[in-house]
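Colleague: when you get a sec, could you give me coordinates for this:
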Amino acid sequence: MIITAAGRSTRFPPNKLMETIAGMTCIEHTVKTFVGLNLDIYVVLGHESDRVQKTLSARYDDDLSFVYNSKFEIGLSSSVISGIQAAGKAYDYWGFCPGDKPFIQPETVDELMRKLELKKPMILAPYFMKQVGHPIFFSSELAPSFLQLTGDTGGRQLLETYHSETLGVNVSDRGVGIDMDHYLGSKDDR
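Modeller: Down below sits the predicted model:
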């Protein structure tokens, strides 16, 4: 699993990943979703990397591999590429999840992984109420396409390109679609 946690948090500064929810930071909640699911976890760092890594290391040190993206300022594509390069070619699939997705349930990820193993699609994506969410799993056969990404784009571009080869899985977990921008924005509206 590649968790992108390098962004500058421009919509909700100083760093939405460090916002506290129920006694833990957003990034800790996101990582907690994947710990214990028999996955190798790569956390791609950039903005405030020392602070984010220190927070995660205190709780999950033995469960994570940290990757520093020195080009994080050019956008999401650089974090995706950094994660893929760190994970290498040892995997049939790469799972991606932004670090600001603290509400995904581990049971949902487990369900997605079972579908992935059974069906072996090019791409597997969860949907809640017809909206695509995370984590999204991509076949490592798509490495050349990922390595061509530029700017602030990630796997969504590949979802469009390989739409006919994507297995969409309807889930009952609304957390697949809620990120911290949505959560913090709704708090501001109260």
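
Colleague: so what's the gap between whichever strand or helix holds Gln157 and the chain middle?
Modeller: Assessed by DSSP states H and E, Gln157 sits inside helix 156-161. Put simply, helix 156-161 sits 16 Å off its chain's centre (Cα atoms, centre = their mean, to the nearest Å).

Colleague: tell me the buried residues in the longest helix anywhere in the chain?
Modeller: As assigned by DSSP state H, the longest helix anywhere in the chain is helix 106-119. Using 16 or more other Cβ atoms under 10 Å as the test for burial, helix 106-119 gives 108-109, 111-113, 115-116. Every residue, glycine included, has its C-beta placed from N, CA and C.

Colleague: so Val109 sits against Val31, correct?
Modeller: No: counting by Cβ atoms under 8 Å, Val31 is not a contact partner of Val109; they are 12.0 Å apart.

Colleague: contacts only, for the residue nearest the centre of the chain.
Modeller: Centroid check for the chain by Cα atoms, centre = their mean gives Cys97 as the closest residue, at 1.1 Å. Cys97 makes contact with 1-4, 30, 33-34, 104, 134-136, according to Cβ atoms under 8 Å, 6 or more residues apart in numbering.

Colleague: can I get those in a markdown table including distance to Val67?
Modeller: Output for those, formatted as a markdown table (distance: Cβ to Cβ, whole Å):
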| residue | distance to Val67 |
| --- | --- |
| Met1 | 12 |
| Ile2 | 8 |
| Ile3 | 10 |
| Thr4 | 10 |
| Thr30 | 15 |
| Thr33 | 19 |
| Phe34 | 15 |
| Ile104 | 21 |
| His134 | 18 |
| Pro135 | 17 |
| Ile136 | 18 |
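
Colleague: where in the protein is the helix or strand with the lowest mean pLDDT?
Modeller: helix 180-188 (a mean of 65; mean pLDDT, DSSP states H and E).

Colleague: Phe66 and Tyr60, how far apart?
Modeller: From Phe66 across to Tyr60, the span is 11 Å (Cβ to Cβ, to the nearest Å).

Colleague: do the same with Ala90
Modeller: Using Cβ to Cβ, one gets 21 Å for the distance from Ala90 to Tyr60.

Colleague: the two - which one has more neighbours?
Modeller: Counted by other Cβ atoms under 10 Å, Ala90 and Tyr60 do not tie: Tyr60 has more neighbours, with 16 against 7.
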